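Participant: Curious how this folds, go ahead:
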Amino acid sequence: MDLELRHLKTIRAIADAGSLTKAATALGLAQPALSAQLKRIERALGGELFERGRHGVRATALGEFVLARARVVLPAVSGLREEAQRFAQTWQGGAGFRLGGTHGPLFGGLVDRLAAAHPGVPVTTHTTWSEREIAARTADGRLDFALVGTCGASAPPESELLVWREVARDPVFVMLPTGHPLAGGQEIDLALLADESWTDVPGDGCFADCFSAACARAGFTPSRVYETDVASCVHLVQVGRAVGLCRATFPPTPGMVTRPLAGAPLYWRHLLGWHPAAPAHDTAAVVFAQARGAHADAVARSESYTAWLAAPRGA
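Facilitator: Here you go, the predicted model:
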C-alpha cells in the first residue's frame, strides 16, 4: 500500500482524539473500519504507530516520528492547494488588464491608452519603486503585465520565469532649475556638474552603481544624492537644492529644464514582461503595442528629447 495524504490525516486525527472511538466519530467512520485502516498504514510504515490501552491510544516512538512529519506536510499541502486555487482564479480570462509598474509617464500613458482603446474593460494598477516586487507579482499571477526599467544592459528580474520585450531605450537626462548657468546648453558634460548635489528616485536595480561609475569616469564622486519620490526630486531641482537624474521622456515641468548628458553615459531600457503560461499571453501583443505608443507620445511631449534625437550624434 502506498502512503497517501489521507493516511497522514488519519494518523493525526487518532493522535488528536486520543482514542480510536473518538477518532472514528470525528472522521465519520465505524471504529472497526478505522482499526483496519490503521493496521494497513502501520504495515506500510513498518511498525506500530500507537499503543492501545484502557484509557485510549498513545503514540509510539515511530508514531511520534510520523506525526512530526505529518504536522509539516499537511499544512504545506493545504497551503499549496489554496495558493494554486488563487493562482488559477487570478489568471482566468476576462479579468481585464492588471498592470504593475514603476512611477513615470510611460506607465500612466499605457494605462490611458488601454482604457481608451478598450472601454468597459477594467484596468487595475500596482505601482512601487521595486522592479523585483513587480516582477514577482507578475510571476505568481497577481499581475498580468510588468512595465519596468533596467539600467543599461542589466538583466530584468525573474528572467527565468517571465517573457521580457524591450519597449524602448532612452538616454538618462539631467534636470536643472531654469536659472542654472548650464540650463541653456544643448548637451551638458557630466564633469561640469561635479560640484552639484544630486537627486534621484529609488530602485532596487544597479542604476545607483552605474551613476557612480559614470561620475568616476568623469573625474569626480557625487558629494550628496537625495533619493526620494518624483515630486520631491522636482522640488529640490526647482529650488536649486540639487540637480536631478531622469528618463529622457520626463514631461515639461515649470521651473526646470531637462538636458541630455554629453556622450549619453547612462541609458534606461523600458521593458514589458508577462508569464508565458498565463492567459495574459494572448493579449501581450496588444499591450506591447500600446506601450510603444505611450513611449512615442512621451517622446513627442519632450522638446529636449526630440531635439536630441534629431541632432546628428557627435555634433
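Participant: Where do the helices of the protein begin and end?
Facilitator: 5-17, 20-27, 31-45, 61-90, 105-117, 131-139, 207-217, 230-238, 284-301, 303-310 (DSSP state H).
Participant: Any idea which of those has the lowest pLDDT on average?
Facilitator: Note on the helices of the chain: lowest mean pLDDT is at helix 61-90, with a mean of 78.
Participant: Please identify the most buried of the helices of the chain.
Facilitator: Mean neighbour count (mean count of other C-beta atoms under 10 Å) peaks for helix 131-139 among those, with a mean of 21. For glycine as for every other residue, the C-beta is placed from the backbone atoms N, C-alpha and C.
Participant: neighbouring contacts of it?
Facilitator: For helix 131-139, contacts defined as C-beta atoms under 8 Å, 6 or more residues apart in numbering pick out 100-102, 126, 128, 143-150, 156-158, 161-162, 203-205, 273-275.
Participant: hmm, try it at 10 Å
Facilitator: Helix 131-139 is contacted by residues 98-102, 126-128, 130, 142-150, 156-162, 164, 203-205, 271, 273-275, 278, 280 when judged by C-beta atoms under 10 Å, 6 or more residues apart in numbering.
Participant: Buried subset of the residues you listed, written for PyMOL?
Facilitator: Entered in PyMOL, the line below selects the buried ones among the contacts of helix 131-139, by 16 or more other C-beta atoms under 10 Å:
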select buried, resi 98+99+100+101+102+128+130+142+143+144+145+146+147+148+149+150+156+157+158+162+164+203+205+271+273+274+275+278+280
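Participant: So which of the contacts of helix 131-139 belong to strands?
Facilitator: Among the contacts of helix 131-139, the members found in strands (DSSP state E) are 98-101, 126-127, 145-150, 164, 271, 273-274.
Participant: out of those, what pair is the most spread apart?
Facilitator: Largest separation among the ones in strands among the contacts of helix 131-139 by C-beta to C-beta: 98 and 150, giving 21.4 Å.
Participant: Surely residue 200 touches residue 234?
Facilitator: No: applying C-beta atoms under 10 Å as the test, residue 200 and residue 234 come out as separate, 11.8 Å apart.
Participant: intersection of neighbour lists for the two?
Facilitator: Here residue 200 and residue 234 have 175, 244, 246 as joint contacts, going by C-beta under 10 Å, 6+ apart.
Participant: Next, count neighbours for the nearest residue to residue 301 once chain neighbours are set aside.
Facilitator: Nearest non-adjacent residue to residue 301, counting by C-beta to C-beta, 6 or more residues apart in numbering: residue 251, 5.7 Å away. Residue neighbour count, defined by other C-beta atoms under 10 Å, stands at 12 for residue 251.
Participant: Enumerate every residue touching residue 251.
Facilitator: Neighbours of residue 251 in contact, by C-beta under 10 Å, 6+ apart: 104, 105, 108, 258, 298, 301, 302.
Participant: ok, now residue 253?
Facilitator: Contact partners of residue 253, counting by C-beta under 10 Å, 6+ apart, are 175, 178, 230, 234, 237, 238, 246.
Participant: Reformat the residues you listed as a markdown table; add distance to residue 29.
Facilitator: What follows is the contacts of residue 253, written out as a markdown table (distance: C-beta to C-beta, whole Å):
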| residue | distance to residue 29 |
| --- | --- |
| 175 | 73 |
| 178 | 82 |
| 230 | 63 |
| 234 | 70 |
| 237 | 74 |
| 238 | 75 |
| 246 | 69 |
